[in-house]
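Novice: missing the sequence, but the structure's below:
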C-alpha cells in the first residue's frame, strides 16, 4: 500500500505515464525478439545452403566411386587369377612394374564432411558411415603403398647368370617370396575396392534422402552429361544409352534420350 503510493508520487513528480512506459518496454521487447528470430532464420538458411552444398558434392564423389571402383576390382581379381597360376608353377610376373603414387583418389568432400561440426548437416548416422568409408579408403592406400614397396624389392637376374648357381637360386627365391606377398596384398586390394563400393551405396541412400528426389535427379543428369562429354564423346549412342540404363535404372528411355541429346549438343559446340 505504502509502496504503491510511493510509486504513484514518484511517477507523478516525474510526469511519467504508465501506459507510455509499458509501450516503450513492449517496443524494446518486440525489437529484441524480432532480432532473435532474424538471426535464427539467417543461421538456418546458412546451414541449409552449406548442407546442400556438402550433400551435392558428396553425391557426385560417391557416384564416381560407385561407377568406377567395380571395374577396378574386377580387373584386379583377374590379375590375381593370372598371378596365382604363375606362382603355382614357381614363376614370377612383372609385379615390379606396378606403382601406386599417392594420392590415387580424390576424397576432398569426404574429408570436409567428416571435419564439419554442424550436426544438422552431418548427423550421427551420416558421420558414422562416412567414417567407415574413409577408414576403408585409408586401408586401400596403405595396401597400395605396400604393393609398391614390395615391387621395388624385385631383384634383377641377369640373363647371363647360370641357372644352377647359388646366387641364381637365392635371387629367384627372394623374388618368388616377394611375388607371393605382392599377390596377397593384391587380393586385399580387390576386396577393399568392393567394400568401398558397398559403403558408397549405403551412403548414397542417406544422401539421396537428404537431397530429395528433385535435387537427386538433377545432379545425376548433370553428372551423366559431363561424363559423356569428358570421356565418351566418341562412343556409339546405343552403347552410351545402354550404360546409362544399367547405371541409373530409374531413368526412363525418354529421360536417357534427353540427357544424351544435351551432351551431344555440348560436344558439337566444342
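Specialist: Arrived safely, thanks for sending. Bear in mind that the values here come from a model prediction, so they are computed numbers and not experimental data. Numbering: from 1, shown residues only.
Novice: which residues of this protein fall in helices?
Specialist: 2-14, 18-88, 108-115, 124-151, 166-211, 213-231, 237-247, 253-269 (DSSP state H).
Novice: any chance of those helices in a markdown table, plus mean pLDDT, distance to residue 159 and mean neighbour count?
Specialist: Glycine gets a C-beta too; all of them are placed from N, C-alpha and C. Listed next are the helices of the chain as a markdown table, based on pLDDT from 0 to 100; distance: least, CB to CB, whole Å; neighbours: other CB atoms under 10 Å:
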| stretch | mean pLDDT | distance to residue 159 | mean neighbour count |
| --- | --- | --- | --- |
| helix 2-14 | 51 | 112 | 9 |
| helix 18-88 | 85 | 19 | 14 |
| helix 108-115 | 93 | 47 | 15 |
| helix 124-151 | 96 | 21 | 17 |
| helix 166-211 | 97 | 11 | 17 |
| helix 213-231 | 94 | 42 | 16 |
| helix 237-247 | 93 | 45 | 14 |
| helix 253-269 | 91 | 50 | 14 |
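Novice: save those helices as a markdown table, and put in distance to residue 97 too.
Specialist: Listed next are the helices of the chain as a markdown table, based on distance: least, CB to CB, whole Å:
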| stretch | distance to residue 97 |
| --- | --- |
| helix 2-14 | 95 |
| helix 18-88 | 12 |
| helix 108-115 | 29 |
| helix 124-151 | 7 |
| helix 166-211 | 11 |
| helix 213-231 | 25 |
| helix 237-247 | 30 |
| helix 253-269 | 35 |
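Novice: tell me which of the ones you listed sits nearest to residue 158.
Specialist: Of all the helices of the chain, it is helix 166-211 that lies closest to residue 158, at 9.3 Å by CB to CB.
Novice: just want the angle from that closest one to helix 18-88.
Specialist: Taking axes from the mean of the first three to the mean of the last three CA atoms, to 10 degrees, one finds helix 166-211 and helix 18-88 inclined to each other by 150 degrees.
Novice: quick one: helix 166-211 to chain centroid distance?
Specialist: 19 Å (CA atoms, centre = their mean, to the nearest Å).
Novice: remind me what that helix packs against, helices and strands.
Specialist: Helix 166-211 sits against helix 18-88, helix 124-151, with contacts defined as 3 or more CB pairs under 8 Å, 6 or more residues apart in numbering; DSSP states H and E.
Novice: residue 237 contacts residue 257, doesn't it?
Specialist: No - using CB atoms under 8 Å, residue 237 is not in contact with residue 257, being 9.4 Å away.
Novice: let me have the helices and strands packed on helix 166-211 in JSON lines, extended by distance to residue 232.
Specialist: Compiled in JSON lines, those are given as follows (distance: least, CB to CB, whole Å):
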{"stretch": "helix 18-88", "distance to residue 232": "12"}
{"stretch": "helix 124-151", "distance to residue 232": "26"}
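Novice: who wins for proximity to residue 211 among these?
Specialist: For the helices and strands packed on helix 166-211, the distance to residue 211 is smallest for helix 18-88, at 5.3 Å, taking CB to CB.
Novice: ok so, going back, for residue 262, find the nearest of the helices and strands packed on helix 166-211.
Specialist: helix 18-88 (17.3 Å).
Novice: and the residue found closest to residue 65 once you drop the neighbours it is linked to in the chain, how far from residue 169?
Specialist: Excluding the flanking residues, the one nearest residue 65 by CB to CB, 6 or more residues apart in numbering is residue 200, at 4.4 Å. Per CB to CB, to the nearest Å, residue 200 is found 47 Å from residue 169.
Novice: that's all I had, so thanks and see you.
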